[in-house]
Structures are given as C-alpha cells and as structure tokens.
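**Student:** sequence first, predicted coordinates after that:
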Amino acid sequence: MFPAVVFVAAASVLLGLHPADGTDNWSPVCPRKCVCQVRPVQVALLKQPATFRTVDCSGLNLQRIPSDLPAEAEALLLPNNSIRMHVGINLMPQLRLLDLAHNRIQGFFGRLQLPQLEHLDLSYNAIPRVSSSDNDFFAPLRNLQTLNLRGNTIQTVQAETLELPRLTSLDLSGNHLSHIDEHALISLHMLRNVDLSNNDLAAEDIGDVFEGLQLSMVNLSDNRLVQFLTRDFVTEELDLSRNWFATLSRFTFDGIRAQHLQLGGMPTLWLVSSSAFDKMKTLNSLDLSRNENLTYIEPGSLSGLYNLTSIDLDYSGLLKLPADMEPRPGLAVSLRDVPLSCYLNSEFLQSPQGKQFSCRWRNDTLNSTQLIALKSSADWRNALPVILPVFPFYMEADVGTVLELQCLTFGNVSGLIWYRIDEKRNREYSLPSSSGVLRLGPLYRVDSGRYMCRVYNEFGSVNRSVNVNVTYAPVVIIPLTVTQQYVTFAWNNSDPSIASQFRVTYYEFGGVNFSHVRTIYMGHLVRTYTISNLKSGTLYKLCLLLNKSGIVEELDCKNITTQDPEVSSRSFQSAQELVVAIACISGLLFMIFMSTCVYRFYQEKQQDSMAENLSRILLSDSSCTASEAATPTTYFNPGIDPLTPTTDLDVRAAFLPEHHPYRNIPFGCRARQGEPQMQSTQF
C-alpha cells in the first residue's frame with residue numbers, strides 16, 4: 001500500500017491553497033462554542049498547514065450546522081459531530097475549505113452553492129451512492145480540487161456524475177464499492193490521484209474506467225481483483241497489493257505504463273511468468289513482498305526492463321532466485337526472510353550433505369525452521385509431491401453460482417483425489433474431478449464446508465484444504481411505483497425460510513433529520529409491499545431489516561421522494577396540451593386531405609363533361625366540305641391550358657384513342673341540317 005504521505009503530498013501540491021493576507025485582525029461574531037480565528041489549518045489531504053479565516057466547530061455534538069456563521073470565513077471545520085444535512089453553508093461565498101468528516105450525512109441533497117470551494121471532506125459519513133441524481137449538488141463546485149469520500153457506504157458510482165473540471169484528487173477508499181461505471185471519470189480531465197483501496201471491486205466492476213487518463217497515483221489495494229482488465233492508461237504509481245491474483249502473465253498488464261508497481265501481500269500468487277512485465281518498459285520499482293505462496297519466478301521475467309532499479313521480495317516463498325533477479329550494479333534486490341533453500345536450488349542439491357532432501361521455511365516468530373518435506377535422497381523426484389497454493393484456505397460464493405477449484409501440483413505425482421470433509425461424522429467423501437479441477441455448482445447452502453485435495457506418490461501424500469462458505473446474494477430494495485400518497489417496492493430473497501423474519505421500517509424527513517414512522521412485520525411469504533397514506537412531495541427512508549435469532553440486521557435502505565402535487569399537476573396539464581396539439585394537427589391534416597379529394601373529384605367531373613360533349617359532336621352525322629375538313633379550328637381551351645392556343649385536333653387527340661374513326665374530323669363541320677352547330681368554344 002502506498003504510504004498516506006504520498007497521497008497527502010500530491011493533494012497538497014495540487015490543491016493550491018494559500019494563506020489569507022491582511023486578515024490577522026479578523027474578529028467576527030462567532031457561533032456559540034465555536035472558535036473563529038486566523039490560524040493554520042491541517043486537513044487530511046494537505047501536506048503542510050495553510051492559514052485561513054477559520055471557523056472551528058469540531059467535536060461539539062452538533063445536530064445541525066450553525067445558522068450564524070460569518071460570511072467572510074474561508075475554512076469551516078465541522079468534523080466529529082452528528083450533522084445529518086449540509087444545509088446552511090450556502091451563505092459563505094468565500095469558503096474554500098469545508099470539513100464535514102465523521103458525521104451522519106446520508107446523501108447529497110440540494111445544491112452546494114460554494115463557487116470558491118477547493119477542498120471538500122465528507123469522509124466517514126453514511127453516503128450510500130454517487131449517482132446521476134447528485135449532479136445538482138456538484139454542479140456549482142467548479143473550483144473543487146480535492147474530494148474525500150473515504151469510509152462511507154458507497155456501493156456504486158454512476159456515469160458522468162462527477163463533472164468537476166478542476167478535480168485533481170479523489171478518495172473513495174474504505175467504502176463498499178462493487179461497481180464503477182467505465183464513464184464515471186471521463187470528464188475529470190485534471191484528475192491525477194485516485195484511491196479506490198479497501199473496497200469490493202472485481203476486475204469486471206472497473207472495466208476501462210482509467211482509459212485515456214494521465215494519472216500520478218492509482219491505489220486499488222485490498223479489493224477482490226483476480227485479474228486486471230483495465231487497459232490503455234498511464235500512471236506513475238499503481239498499487240494492486242492484497243488482491244487475489246494467482247499468476248502474472250503477459251496479458252496481466254497489457255497496455256499499462258507505470259513506474260512503480262506494488263503487488264505485495266497476495267495470498268494466492270504463486271507464479272510469475274517470463275513475459276509478465278514485457279510491456280512495462282518504464283517500470284522503475286517492483287514490490288513482490290509478503291507473497292508467502294510465491295514459490296517460482298520464471299527466468300527472463302525482467303528482460304527488457306532497463307529502467308528497473310529495485311525489487312522487493314521480502315517475506316516471499318521463493319525457492320530459487322532467477323539469474324536476472326540476482327543483485328547487480330544498478331539493481332537492488334531485497335530478500336529478507338526468503339527460504340531460497342529447497343528442491344529447485346541446484347547448489348543445495350550438490351552440497352556434501354546431499355544425502356537428505358529437505359525444504360525449510362524460516363519462521364522468525366518461533367526462531368526455528370519448519371520441515372515440510374523430507375526424504376533420504378538428493379533428487380526431488382524421489383520426494384513427496386508439492387501442492388502449489390493456487391486456491392486460498394477460505395472462499396465465499398453466492399447461491400446459484402458455479403465454483404471451480406484447481407489443485408496444481410509439482411514433483412512426482414502418482415494420483416490426485418478431491419474429498420468433501422464431514423466434520424460431524426469425521427469422514428471423508430471422495431468427489432469426481434477432471435485434471436485436478438473440482439467443479440461445484442450450482443451451489444446451495446448445503447454445499448458449505450471443507451474440501452480437501454490429496455496428492456500422493458510412493459513416498460506418501462500431502463493435503464491442502466479450503467473452507468467454502470455459500471451465502472445468499474445481498475438483499476436490496478427495488479422501488480416499483482412512486483406516487484403522491486403511496487410507494488410500492490420489492491426486494492430479492494433467495495431463501496424462503498427467512499421470508500417471515502423480514503421487517504420494513506420507514507422514516508420521514510422533517511427538514512433536519514429522519515423520524516421513525518412505522519415498522520411492518522412480514523408474517524408470510526412476500527417480496528413486494530405497498531406503503532400508503534404518505535405525504536406528497538416528502539422524502540422518506542425505507543429500510544429492510546432481518547431478525548436473526550433476536551438480532552436485527554439492516555439489509556438495505558433507500559431514500560424515496562413521493563411525487564409533488566404541483567409537478568403532477570404540471571405533468572397532467574402538459575399531457576392535456578399535448579393531446580390538444582395532436583388533435584389540432586390531425587384536424588388540419590384531415591382538412592387538407594378532404595380538400596385534395598374534392599379538387600380531384602371536380603377535375604374528374606370536368607373531364608367527363610368535356611368527353612361527353614365531344615362524343616356527342618363526333619357521333620353526329622356531319623357533312624363537311626373538303627375545305628372545312630382541311631382547316632382545323634383554333635381557340636383557347638381552358639380545360640388544357642388557358643394561355644396556349646389549341647386546335648380542335650389537339651382536343652380530339654387528348655380525349656380519343658389513336659384509331660378512333662372521328663379522331664381526324666374537325667369540329668368546324670356543320671351539323672345535320674335543322675340542328676344547331678356546336679361551337680368549339682363550349683369546351
């Protein structure tokens with residue numbers, strides 16, 4: 001783990017706080033029991049004290065923030081109180097440092113209107129999450145440089161929640177973090193220090209959250225990482241100590257550039273492959289200390305690391321040191337309390353006392369050595385086999401999951417058997433396995449217990465056990481329906497036997513803190529519940545409790561705000577306006593459609609009338625002279641084009657087929673005697 005001073009130093013340099021000038025005579029009206037003075041302030045993330053106009057209200061058991069704070073104060077210290085809400089601070093426009101550590105704040109409510117704030121400490125409170133609904137809280141903090149959320153109960157960090165353009169240091173250590181959206185830090189372009197240590201993060205929970213960032217320090221120690229999937233980021237220091245890596249291969253650090261790498265204290269790490277650090281050409285120091293099960297490092301693992309100056313292998317289980325890891329000029333290797341005298345040590349095997357084969361583990365506490373293998377031979381092939389410590393001694397798994405346990409061995413192995421140990425009957429039951437892999441699942445609670453891998457040869461057998469604890473997935477509250485007067489919610493529960501032991505308690509927020517309203521006892525199998533008769537526009541806290549043998553355990557809590565009647569009324573009015581707009585548009589479209597239909601109908605009727613008149617003329621017994629037949633009549637026809645002169649032959653061509661007998665008869669011919677002549681102007 002990185003020393004605290006590293007993180008403190010980086011934060012202090014980047015914070016940029018400077019002493020207040022010309023304020024030595026500052027004498028404001030100070031709140032009761034508080035101390036107001038100009039003095040140096042030492043805060044957790046500052047390396048050296050800085051001088052401020054300071055209001056110190058630490059450790060006064062305050063339930064709320066004092067209302068008579070001096071507006072010209074630059075630092076407000078409120079740690080070690082019982083404050084639940086951060087209201088009342090917005091009237092301090094010059095505030096640059098706010099310390100609310102060790103209080104009872106349960107979330108980010110409202111907007112923190114402190115545009116000059118540079119350092120915010122909310123560590124060790126009861127904040128459950130950092131979600132997109134908190135954007136309003138962080139939006140005004142455009143100058144914030146350091147944010148300390150250490151020691152809360154935060155489980156998730158959603159995408160693009162922290163839009164803080166000048167943030168340089170973010171501390172989320174010591175929470176319950178199980179997921180960080182890969183876009184959670186995408187807008188923090190000036191971020192340099194990230195501390196995510198001591199959480200519940202696995203490789204898939206992080207993803208590419210650091211991609212594209214230029215970082216100085218990333219601390220991911222004390223998590224549940226079994227591999228590292230994050231790619232394409234640069235950092236000076238990367239701490240992965242006390243995680244659960246089994247091996248380090250060439251894919252472990254693909255696309256990562258770091259100068260200082262910490263991989264100490266991993267109980268499951270046993271092998272470093274020859275290509276593990278091939279792509280980390282900038283590596284300057286490597287820490288592999290306190291990996292007690294790290295027995296083998298393949299030769300060539302440090303090839304190409306020309307900038308490497310130090311390797312820490314203290315308290316590791318190394319049995320032989322590769323040639324490229326031996327101390328040399330420019331490379332310091334620390335080997336405090338390392339065995340280095342076992343079957344892989346050729347120098348030991350060639351010693352004069354080589355009539356015995358032994359592997360000894362030094363124990364400084366007992367001031368002795370422990371003999372873990374012994375045979376009258378100088379050849380390790382004629383000794384007991386060795387089980388490599390790939391799996392830990394204790395593991396937890398959720399109900400319904402599948403667990404695979406691999407028993408890796410070294411040496412002369414004749415056989416391998418997995419057993420289930422019955423502690424009550426003191427019996428062993430053999431289990432089927434394939435190539436040393438025991439597959440358990442889907443798991444149930446009855447699968448909890450001790451499992452043992454036994455490896456044997458002609459000289460005897462060795463065992464390695466693991467205790468498996470099968471647990472239920474965390475129970476969480478899921479809101480289904482939220483209205484003005486009632487809330488319907490559900491929760492997951494995979495164990496029917498405890499359904500009747502659930503309790504639902506809800507609290508009402510009264511402006512300062514939450515007050516208990518009611519507790520409901522579940523007396524039957526139920527996974528959903530509706531709470532009615534609630535107040536509209538009010539914040540409620542719903543908690544799901546479980547009674548275990550008289551001990552009440554809080555499983556999950558959710559803050560839910562019922563709908564505001566004004567908001568509902570505005571929503572209803574907006575819906576009405578939308579319906580009216582849709583009706584008006586539909587009516588307009590219908591009128592356009594009907595107008596088009598009427599126009600087309602009128603055109604068709606006009607054409608039918610013209611065709612009927614033409615047919616009546618052409619079907620009459622015409623007596624045309626040769627001169628009349630040869631001279632077509634010219635006129636303006638409004639049915640075709642009212643501006644272009646048109647002949648009667650054009651009209652006939654438009655209305656009669658090509659082979660019609662009257663197509664070429666001019667309209668100027670006289671009709672039969674006694675009948676009036678129809679002029680072409682009728683068209």
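**Tutor:** Happy to help now that I have it. Numbers count the residues shown, from 1 in each chain.

**Student:** how many residues are close by the residue lying closest to Ser187 once chain neighbours are set aside?
**Tutor:** Excluding its sequence neighbours, the residue lying closest to Ser187 (CB to CB, 6 or more residues apart in numbering) is Glu163, at 4.9 Å. In short, each C-beta sits where N, CA and C put it, glycine included. Look at Glu163: counted by other CB atoms under 10 Å, it has 14 neighbours.

**Student:** pLDDT value on Glu163, please?
**Tutor:** pLDDT for Glu163: 84.

**Student:** that one contacts Ala139, correct?
**Tutor:** Yes. Glu163 is within contact range of Ala139, at 7.0 Å (criterion: CB atoms under 8 Å).

**Student:** span of stretch 387-398 from start to end?
**Tutor:** End-to-end distance of stretch 387-398 (CA to CA, to the nearest Å): 27 Å.

**Student:** list the contacts of Met408.
**Tutor:** Met isn't right for residue 408; it's Leu. Trp270, Ile387, Leu388, Val390, Gly436 (CB atoms under 8 Å, 6 or more residues apart in numbering).

**Student:** 6 Å - rerun?
**Tutor:** If you count contacts by CB atoms under 6 Å, 6 or more residues apart in numbering, Leu408 has them with Leu388, Val390.

**Student:** need the three-state assignment for Gln576.
**Tutor:** helix (DSSP: H, G, I helix; E, B strand; the rest coil).

**Student:** how many other residues sit next to it?
**Tutor:** Neighbourhood size, Gln576 [other CB under 10 Å]: 10.

**Student:** quick check, pLDDT for it.
**Tutor:** The per-residue pLDDT reported for Gln576 equals 77.

**Student:** picking up where we left off before, my read: the residue nearest to Ser187 touches Leu188, true?
**Tutor:** No. Counting by CB atoms under 6 Å, Glu163 stays clear of Leu188, with 8.3 Å between them.

**Student:** rewinding a little: hang on, the residue nearest to Ser187 in a strand?
**Tutor:** No. Counting by three-state DSSP, Glu163 is not part of a strand but coil.

**Student:** state the distance from it to Ala184.
**Tutor:** 11 Å (CB to CB, to the nearest Å).

**Student:** for Leu302, same thing?
**Tutor:** Remark: distance between Leu302 and Ala184 (CB to CB) = 35 Å.

**Student:** for Leu440, same thing?
**Tutor:** 34 Å.

**Student:** cool, and Met452?
**Tutor:** In this view, Met452 and Ala184 are 42 Å apart by CB to CB.

**Student:** quick one on the thing from earlier: for the residue nearest to Ser187, grab phi and psi.
**Tutor:** For Glu163, the backbone dihedrals (degrees, to the nearest 10) come out as phi -90, psi 80.

**Student:** that one and Ser461, how far apart?
**Tutor:** 61 Å.

**Student:** contacts only, for the nearest residue to Glu423 once chain neighbours are set aside.
**Tutor:** In space, and not counting its chain neighbours, Glu423 is closest to Arg450: 6.8 Å by CB to CB, 6+ apart. Under the criterion of CB under 6 Å, 6+ apart, the neighbours of Arg450 are Ile421, Ser465, Asn467.

**Student:** A helix includes the last one, no?
**Tutor:** To tie it back to what came earlier, the one meant is Asn467. No. Counting by three-state DSSP, Asn467 falls outside a helix, being strand.

**Student:** if I look at it, how far off is Arg425?
**Tutor:** According to CB to CB, Asn467 stands 17 Å off from Arg425.

**Student:** so where does the residue nearest to Glu423 fall, helix or strand?
**Tutor:** strand 449-457 (DSSP states H and E).

**Student:** partner strands of the helix or strand that Leu98 is a member of and their direction?
**Tutor:** In the assignment (DSSP H and E), Leu98 maps to strand 97-99. Partner strands and pairing direction for strand 97-99 (DSSP bridges) are strand 75-77 (parallel), strand 119-121 (parallel).

**Student:** which residues in the stretch 101-250 of the chain form strands?
**Tutor:** 119-121, 146-148, 156-157, 169-171, 179-180, 193-195, 214-219, 233-239, 247-248 (DSSP state E, counting those that start in this stretch).
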